[in-house]
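Student: model this:
(chains A, B, C and D)
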Number of protein chains: 2
Amino acid sequence: MPDYDSQQNEPRPKTTTALAVERLKSMILSGELSARSDHLESELAARLGMSRTPVREATLVLQSLGLLEVRPRKGVRIRPVTIDDMKEVYEVLTELESLAAARAAGFGYDRTDLAILAETIERMEDALAAENREAWAAADEDFHSELVRLGRNQRLAEIVNNFNDQVRRARTATLYARPLPTRSNEDHSALFDAILSGDVERAQEVHRGHRIRARQLLTELLTKLGLRYI
Amino acid sequence: MPDYDSQQNEPRPKTTTALAVERLKSMILSGELSARSDHLESELAARLGMSRTPVREATLVLQSLGLLEVRPRKGVRIRPVTIDDMKEVYEVLTELESLAAARAAGFGYDRTDLAILAETIERMEDALAAENREAWAAADEDFHSELVRLGRNQRLAEIVNNFNDQVRRARTATLYARPLPTRSNEDHSALFDAILSGDVERAQEVHRGHRIRARQLLTELLTKLGLRYI
DNA sequence: GCATAATTTTGCGTATACATTAAGTTTGAC
DNA sequence: GTCAAACTTAATGTATACGCAAAATTATGC
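Tutor: Numbers count the residues shown, from 1 in each chain, chains lettered A, B, ... in the order given. Below you'll find the predicted structure:
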């Protein structure tokens, strides 16, 4: 619905506002603009080499997406994600992704339909073998977004992707502090099998468990690392 | 998070943009701006008695909320809600509201905590007795939003409220074509009992059933009425 | 007549101007 | 020295200006 960040296939000459959304978003997700930090419109405009107008429009959009808060006269504040926030987000993610998994299992996809999903799993396994955490994280993200795509509910997919964005910083921050995601990979394979065999219940349960564990791991890690927010 | 439409308790002199969001939103929800219709920025600006700037900002926000689409040079299009959209939305609503219900049941609320919820149920019963459908719909809306509030997950509440907005037109359009919502009221009472007695599973199941029935009723009605979109 | 090219119109995207008002600072009274 | 009032500064909210490109319209060639 907010097609502002969707990479256009038609190379429409992309509006400055869209560019601002894109760049600000990636600056937030990468941590280049850190949590709790305030940034004036004019500062951001200068930084992006454009006038305040597109920056303003972009911040409004990103506020709707929950990535930042516009605080008049204090500047735009990158929304910090607390452990409680993480719990909120993961709770919703658990529910919605499991639903997507269940739906995916119900459509009777064959191996061809699941090719992309299989490919992301392979990439994760390769990355795990090579102990390349960055590559693993990238593949994991692709796995989850392909999963919700297979669930064929556009709105659900949008929310899930948005929520994943909201906690992405936490995941990258803990990427090297966590144990190697062996269990995660097992979960993914199990889910793949459940979907392929059309087992709706199992798909849902497997994924629910997966997300619950992920959440627990993440919150424990953040607590251990003493990160009250991120 | 998008606190643009939240009615401020401090009577801050409300920005024009916020006003535009509010007014456009209510024009969309009430059907004053009908689905599929296109409206130029300048036209809307004139209509609201303000310049293009706040209107533009408002439309961007409302686009993020999924209520309209900004289509350059054709004007903003009020997003039509098709039956398929309804299915998508209700599927997500079912899942998330049930989760909220389950959570609410888990918090061990007593009668005092549930006073507002009880009050909305009473209003629905009175309205039903008086066969006042408008009053019933208003109370029903309040019931659902109080329910998600009791679920104590801010983000979940936001999404649910937003999704309810997205299908509100459909509900108002069918309000007089549907049978009197007797069953609905029973469901609400059953849910109330489940929450009060702390029965997490039952709360979840009761509400899931409630939403599934509501969805079915609505989609059937729309089909029967020949409304391909609304 | 029809299709295509030239021309005009129009709505949008972006920059900029400007008034407003919150925040910060100085001044002055006690 | 502290507090408050007056003043200054600065960032925002909104309006406006303006160029560009998409549509629409008219003109032109066949």
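
Student: alongside chain B, which residues does chain A contribute?
Tutor: When proximity is defined by CB under 8 Å from any CB of the partner chain, chain A lies next to chain B at A:1-2, A:56-57, A:60-61, A:63-66, A:69, A:79, A:85, A:88-89, A:91-92, A:95-96, A:99, A:153-156, A:159, A:163. Backbone N, C-alpha and C define where each C-beta goes, glycine included.

Student: just the buried members of these?
Tutor: Of all the residues of chain A next to chain B considered here, the ones buried according to neighbour count by 16 or more other CB atoms under 10 Å in any protein chain shown are A:1-2, A:56-57, A:60-61, A:63-66, A:69, A:79, A:85, A:88-89, A:91-92, A:95-96, A:99, A:153, A:155-156, A:159, A:163.

Student: quick check: residues of chain A near DNA strand C?
Tutor: For chain A, the residues found near DNA strand C under the criterion CB under 7 Å from any atom of the strand are A:15-17, A:50-54, A:72-74.

Student: drop anything exposed from those.
Tutor: The neighbour-count criterion (16+ other CB under 10 Å) marks A:16-17, A:50, A:53-54 among the residues of chain A next to DNA strand C as buried.

Student: report the contact partners of A:Leu96.
Tutor: Applying CB atoms under 8 Å, 6 or more residues apart in numbering or on different chains, one finds that A:Leu96 lies in contact with A:148, A:156, A:159-160, A:163, B:92, B:95-96.

Student: what angle do whichever strand or helix holds it and helix B:83-106 make?
Tutor: Using DSSP states H and E, the element containing A:Leu96 is helix A:83-106. Here helix A:83-106 points in a direction 130 degrees away from that of helix B:83-106 (axes from the mean of the first three to the mean of the last three CA atoms, to 10 degrees).

Student: and whichever helix or strand comes after helix A:83-106, what does it pack onto?
Tutor: In the C-terminal direction, the helix or strand that comes right after helix A:83-106 (DSSP H and E) is helix A:115-129. Counting by 3 or more CB pairs under 8 Å, 6 or more residues apart in numbering or on different chains; DSSP states H and E, the packing neighbours recorded for helix A:115-129 are helix A:133-150, helix A:182-196.

Student: ok, of the contacts of A:Leu96, which one's closest to DNA strand C?
Tutor: For these, the minimum distance to DNA strand C (CB to the nearest atom of the strand) is 25.1 Å, reached by A:Ile159.

Student: does that closest one touch B:Val92 like I think?
Tutor: Yes - when contacts are counted by CB atoms under 8 Å, A:Ile159 is listed as touching B:Val92 (7.2 Å).

Student: where do the contact lists of these two overlap?
Tutor: Contact with both A:Ile159 and B:Val92 is made by residues A:96, B:159, according to CB under 8 Å, 6+ apart.

Student: wait, what's in contact with A:Leu221?
Tutor: By CB under 8 Å, 6+ apart, the contact set of A:Leu221 is A:174, A:177-178.

Student: tell me how many other residues surround the closest residue to it other than its chain neighbours.
Tutor: When the adjacent residues along the chain are set aside, A:Leu221 lies closest to A:Thr174, with 4.6 Å between them (CB to CB, 6 or more residues apart in numbering or on different chains). For A:Thr174, the neighbour count with other CB atoms under 10 Å in any protein chain shown is 19.
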